[in-house]
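Asker: Just to be clear, the model below is a prediction. Sequence and coordinates:
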Amino acid sequence: MPGTLTRRTTDEKISAEDVGLARRYVGGPNGEIDWLFKNLDEGATAWIADTIWQAGVHIMGSRTYQDMAAYWPTSTELLAAPMNEIPKVVFSEKGSLRQGEDLTTTALRDAIRARGAEGSAASPKPSPSAASWANAIVASGDLVEEVTRLKQQAGKDIVAHGGARFAQSLVRFGLIDEYQLLVHPIALGAGLPLFSRLDKPIDLKLVSTSLFSRGVVAHIYRPG
């Protein structure tokens, strides 16, 4: 889900970007995202890349960090450049990070399988810009306070990735300034919902809609 959070006194924003909202879910019951890759065409991928390039920092939960830090440094895909080059802030209650295969999730395995099915090969060497993963800043304080502090800093938009629990918390506390949602033409039936922790409904204003050739639709909403 790209999601944007506003920074400074301008209209820059935190966007919540869980790329792939099938019905109301951002993943299968066990975090599966294999369905997400089936209908991503060049247009949808370019839309995601353009959206991410507008950000000055990625924020994410620690489990999503583990998956992404294991995947993007050697990726040759279009999204690899913005994913590797833009600085990261990782939210972890432990206050520290370590990388390891034992810390990754189903989402990483699904992404690797999808890359192989498409005939894409990982680079034998990490991208020079992949050092941003090792240099990620760890935020371990109160979520609202940490995000508010980030918003007050000068810079471009903040793009928020998963995992599901991290995204749910951003939604619950009203920290998302713009929802950038890709709706995939699939009904999961069960999964990880994005809006399940809301205390009350929130009204959203539709800003734009983009339809791609395989049926994926990008919706941009702002609370209002």
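Answerer: Ah, there it is.

Asker: make it CA atoms for all contacts and neighbour counts henceforth
Answerer: OK.

Asker: Please look at residue 27 and residue 189 and confirm they touch.
Answerer: No - Residue 27 is not in contact with residue 189 according to CA atoms under 8 Å; the separation is 10.8 Å.

Asker: Neighbour count: the two, which is higher?
Answerer: More crowded of residue 27 and residue 189, by other CA atoms under 10 Å: residue 27, with 26 against 11.

Asker: For residue 71, see how far away that one is.
Answerer: Computed as CA to CA, to the nearest Å, the residue 27 to residue 71 distance reads 18 Å.

Asker: before we move on, what SS does residue 201 have?
Answerer: coil (DSSP: H, G, I helix; E, B strand; the rest coil).

Asker: What about it, how many residues nearby?
Answerer: 7.

Asker: before we move on, which element is residue 126 in?
Answerer: Residue 126 is part of no helix or strand, with elements assigned from DSSP states H and E.

Asker: who are the neighbours in contact with it?
Answerer: Going by CA atoms under 8 Å, 6 or more residues apart in numbering, residue 126 touches 73, 74, 75.

Asker: switch to 7 Å and redo it
Answerer: 73, 74 (CA atoms under 7 Å, 6 or more residues apart in numbering).

Asker: One more: residue 194?
Answerer: Counting by CA under 7 Å, 6+ apart, residue 194 has contacts 24, 25, 26, 164, 167, 168.

Asker: how about those residues, which pair is most distant?
Answerer: Greatest spatial distance in the contacts of residue 194: 24 and 167, 13.0 Å, computed using CA to CA.

Asker: Just the strands from this protein, written as ranges.
Answerer: 2-4, 14-17, 25-27, 55-61, 88-91, 137-139, 157-160, 178-183, 192-193, 204-211, 217-223 (DSSP state E).

Asker: Among these, which comes closest to residue 104?
Answerer: strand 55-61 (12.2 Å).

Asker: Report the backbone C-alpha coordinates of that closest one in CSV.
Answerer: C-alpha atoms of strand 55-61 as CSV (Å, rounded to 0.1, in the frame of the first residue of the first chain):
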residue,chain,number,x,y,z
ALA,A,55,9.0,10.0,-1.5
GLY,A,56,12.1,11.1,0.5
VAL,A,57,12.0,8.2,3.0
HIS,A,58,10.5,4.7,3.3
ILE,A,59,8.9,3.7,6.6
MET,A,60,8.0,0.1,7.4
GLY,A,61,7.7,-2.5,10.1
